[in-house]
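Student: The following comprises the amino acid sequence and a computationally predicted model.
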Amino acid sequence: MNLILLGPPGSGKGTQAEKISSDYDVPHISTGNILRHAIDQGTDLGLSAKKYMNEGKLVPDELVDEIVAERLSFLDCNRGFVLDGFPRDLTQAKALEGIRGIDTVFLVECPQQTLISRLSNRRECSSCGKIYHLLNNPPNREGFCDDCGNKLIQRADDQPQTIKKRLTTYEKETKPLIDYYGEERILVRLDGFQNPDTVYAEIKKYLP
Ligand code: AMP
């Protein structure tokens, strides 16, 4: 079960990837999470990636391709994996093709105004990573996580100017992947405007 979740930032790819990962026991591989972790740890990778991420640009392909190639070589990927946020351009898609075959690509689409609202109101727990939306899914106590009590933070790239740039980057660099994977082949279109459980019910129809 080798899966890709494709879609603009804020479409809910991460939420769906988590659900698949926990129900089907395959690793959820988010290049964004790996890069943010590298930044927090102050590694060379983190230092190189930070400025691209804070500007809403793609981190160079050679860095990201290497991270993914290494991660996919781990034993836990033998039974499958869910890629979230990779590939993000054609070069990455071709690099992936040389490493592992893909069974299904889920494209999660959403109107642009909804994406902007989701991203600008998104807060995440600085400790456990739980995601909140200030209007639709606020924490019980403002600024703190319901589950672990730690502080909620706003991602550096969830600022208005960076959100705009990330959406433009998606249109220009990532959208061509829709044709690359092709609806008549392995790509499945999903309406990410619906609530996450409804989207997930749709996804499950395509999983074993
Ligand atoms: P995400 O958490 O998936 O929204 O990713 C956050 C940021 O990390 C993106 O805006 C990019 O700057 C960077 N990033 C994540 N995945 C990739 C990728 N596959 N290729 C290049 N940059 C990436």
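Tutor: Everything's here; your move.
Student: Go ahead and name everything in contact with stretch 7-24.
Tutor: With contact meaning Cβ atoms under 8 Å, 6 or more residues apart in numbering, stretch 7-24 is reached by 1, 3, 5-6, 26-28, 30, 32, 80, 82, 84-85, 106-110, 112, 114-116, 118-119, 122, 131, 163, 166-167, 170, 174, 192, 196, 199-200, 203, 207. For every residue, glycine as well, the C-beta is placed using N, CA and C.
Student: Just the buried ones from those?
Tutor: Among the contacts of stretch 7-24, those classed as buried by neighbour count (16 or more other Cβ atoms under 10 Å) are 3, 5-6, 26-28, 30, 32, 80, 82, 84-85, 106-108, 110, 115-116, 118-119, 122, 163, 166-167, 170, 174, 192, 199-200, 203.
Student: Just the residues you listed: which are in strands?
Tutor: Under the assignment DSSP state E, these contribute 3, 5, 6, 28, 30, 82, 84, 106, 107, 108, 122 to strands.
Student: near the ligand, which of the contacts of stretch 7-24 show up?
Tutor: Residues of the contacts of stretch 7-24 in contact with the ligand (Cβ under 6 Å from any ligand atom): 32, 85, 166.
Student: In CSV, list those residues along with pLDDT.
Tutor: Below are these laid out as CSV (pLDDT from 0 to 100):
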residue, pLDDT
32, 96
85, 97
166, 97
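Student: Distance of the closest residue to the ligand within the chain relative to residue 127?
Tutor: Nearest to the ligand, among the residues of the chain, is residue 32, at 2.0 Å (Cβ to the nearest ligand atom). Going from residue 32 to residue 127 by Cβ to Cβ, to the nearest Å gives 18 Å.
Student: Check residue 160 too.
Tutor: From residue 160 to residue 127 the distance is 26 Å (Cβ to Cβ).
Student: do the same with residue 202
Tutor: Separation of residue 202 from residue 127 (Cβ to Cβ) stands at 32 Å.
Student: Looks to me like residue 94 is in a strand.
Tutor: No - read with DSSP: H, G, I helix; E, B strand; the rest coil, residue 94 is helix and lies in no strand.
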